[in-house]
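A.B. asks: got a sequence here, can you build the structure:
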Amino acid sequence: MHAHFYTLLTRPDRAWTAIRDDEERNSANYLMHLLLFALLPAMCMFIGTRWVGWSLVDQERIRLDTLSALQLSVLLYLTILLGTVIMGFFMRWMSRTFEARPTFNQCVGFIAYTCTPFFIAGLGALYPTRWMAISVLLIAGIYASYLLVIGLPRFMRIDHHQSFLYAASTWAVALLVLVNIKVGMILLWTQGLEPNYLRSVQQDQSYSTQEERPQDEPGER
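C.D. replies: A predicted model of the protein is given here:
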């Protein structure tokens, strides 16, 4: 697992060949990779929303209480697993069009390894801001696309022309699955579990003269 993780980031062409060989020997070889690395964004989300928080207006910090942050993290973890399985099903279904014959487990494993950049991008949840999320997700999306294009001809053993169409179809389905499953998760969390937000205002150390001087009582004038 660690060897594949390192080579996916440094030599993805070698990594996909080794992953395919491993999956042929054991079609559930990907499970440890998926179950462990999917914990990374969930754990970072818990830390970021519980102790770091985010800000919508100046000097206000919003956090979640422990139960709400835990619920959000568990839902995120389950959503990642469910989304990976759903994408594996669609990849298996689309493979017939492109003359590839992978098993369902191999398709799920391929998605699990392709999503590795997104698992690493979960570190950005330690500091949950809009620009941090946009930056890490953009970088992860670019590299995951690279892994997808590089990996399909090697893992599925199809030619490069077919792999390009296969990759484009996979991305289109992935966006559709992502939107639907994330919206469902957020609705369940906000409407069903009713999270508890903790708001705190950071006091400004510089006060104006009017703020420093207490108001006079009417009888003192």
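A.B. asks: tell me which element residue 75 falls in.
C.D. replies: Following DSSP states H and E, one finds residue 75 within helix 66-95.
A.B. asks: with residue 185 instead?
C.D. replies: helix 160-187.
A.B. asks: tilt between the helix holding residue 75 and helix 160-187?
C.D. replies: Comparing the axes of helix 66-95 and helix 160-187 via axes from the mean of the first three to the mean of the last three C-alpha atoms, to 10 degrees yields an angle of 150 degrees.
A.B. asks: re the thing from before, what's the helix holding residue 185 packed up against?
C.D. replies: Contacts defined by 3 or more C-beta pairs under 8 Å, 6 or more residues apart in numbering; DSSP states H and E place helix 160-187 against helix 66-95, helix 130-155. C-beta coordinates here come from the backbone N, C-alpha and C atoms, glycine included.
A.B. asks: mind putting the ones you listed in JSON lines, mean neighbour count included?
C.D. replies: Output for the helices and strands packed on helix 160-187, formatted as JSON lines (neighbours: other C-beta atoms under 10 Å):
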{"stretch": "helix 66-95", "mean neighbour count": "18"}
{"stretch": "helix 130-155", "mean neighbour count": "17"}
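A.B. asks: that older thread, mind giving me the packing neighbours of the helix holding residue 75?
C.D. replies: helix 31-37, helix 39-47, helix 104-114, helix 160-187.
A.B. asks: again, only this time at 6 Å
C.D. replies: helix 39-47, helix 104-114, helix 160-187 (3 or more C-beta pairs under 6 Å, 6 or more residues apart in numbering; DSSP states H and E).
A.B. asks: and the next helix or strand past the helix holding residue 185?
C.D. replies: Heading C-terminal from helix 160-187 (DSSP H and E), you reach strand 197-201.
A.B. asks: can you tell me what sits against that next one?
C.D. replies: 59-63, 65 (C-beta atoms under 6 Å, 6 or more residues apart in numbering).
A.B. asks: one step back: TSV for the helices and strands packed on helix 66-95, including mean neighbour count?
C.D. replies: Formatted as TSV, the helices and strands packed on helix 66-95 follow (neighbours: other C-beta under 10 Å):
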stretch	mean neighbour count
helix 39-47	20
helix 104-114	24
helix 160-187	15
